[in-house]
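# Any chance you can model this:
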Amino acid sequence: MAQTIEKQMQALEKKLHATEVRLTDLKRQWGQGGIKDYTLTGPGGRKVKLSSAFGRQQWMVLVHNMGQSCPYCTLWADGFNSLWQHIERGIPGQTKRAAFVVVSPDEPAAQARFAKSRKWGFRMLSAAGTSLFRDMGYADENNRPWPGVSILRRQGRKITRHARDFFGPGDKYNPIFSFFELMA
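So this is what the prediction gives:
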């Protein structure tokens, strides 16, 4: 019985992997396009161009966070706190690395207080007063933000979105959902 279940699981995992590869390809196609060089607000009210937030990196993981009012966004951000340095430094033996930035509609002072209370170490920028969330497809018709991620690439002065995805219960960006699914 156990071997039969294991074989069924292996077959499903193989199909699932092929489906995930295809889905990732679609997320790349769906996300492609030019991005404005938004002026965001950093700590202390300092104005920050999106292009300068890349630092020396060619790539950026830009997390669209709904702000401190969203408990799910806090779950994701708590998890990202253990990953962001690896994204910025790269995985040993690999060449890909990216700037990691979380953007929310909260004002910088509120972001700083909340980040400190959660012990977050990643960079946060405020999109308050900008159309970033709406323009990038992460806001509803009333301009309320949605959570997700955009993978950005900078080539010279041009910023393009390479891929995008939404965050939601059951997604692969927060492992907590997999644990709860196993408990169902």
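# Packing partners of the helix or strand bottoming out on mean pLDDT in the chain?
Lowest mean confidence among the helices and strands of the chain (mean pLDDT, DSSP states H and E): helix 176-182, at a mean of 87. Applying 3 or more Cβ pairs under 8 Å, 6 or more residues apart in numbering; DSSP states H and E, one finds that helix 176-182 contacts no other helix or strand. To be clear about C-beta, it is placed using only N, CA and C from the backbone, and glycine gets the same treatment.
# Can you get me a residue count around the nearest residue to Pro175 once chain neighbours are set aside?
Nearest residue to Pro175, sequence neighbours excluded (Cβ to Cβ, 6 or more residues apart in numbering): Gly79, at 7.1 Å. Neighbour count for Gly79, taken as other Cβ atoms under 10 Å: 14.
# helix/strand/coil for Gly79?
Under DSSP: H, G, I helix; E, B strand; the rest coil, Gly79 falls in the helix class.
# And the protein, split by domain according to the record?
What automatic domain parsing lists as the domains of the chain is 1-31, 34-182.
# what's in contact with whatever helix or strand Ala115 lives in?
Here Ala115 sits within helix 108-118, counting by DSSP states H and E. Helix 108-118 has contacts (Cβ atoms under 8 Å, 6 or more residues apart in numbering) with 41-45, 67-68, 74, 77-78, 81, 104, 106, 124-126.
# how about the strands of the protein, start to end?
33-35, 39-41, 47-49, 59-64, 99-104, 123-126, 148-155, 158-166 (DSSP state E).
# Tell me where this protein is predicted with low confidence.
Within the chain, no stretch has pLDDT under 70.
# Can you check which helix is longest in the chain?
Identified as the longest helix of the chain according to DSSP state H is helix 2-31.
# Need phi/psi at the nearest residue to Lys119 once chain neighbours are set aside.
Distance criterion Cβ to Cβ, 6+ apart; nearest residue to Lys119, sequence neighbours excluded, is Asn81 at 7.0 Å. Here is the backbone geometry of Asn81 (degrees, to the nearest 10): phi -60, psi -30.
# Distance check, Asp20 against Ser82.
Let me fix one detail, which is that residue 20 is Glu and not Asp. 22 Å (Cβ to Cβ, to the nearest Å).
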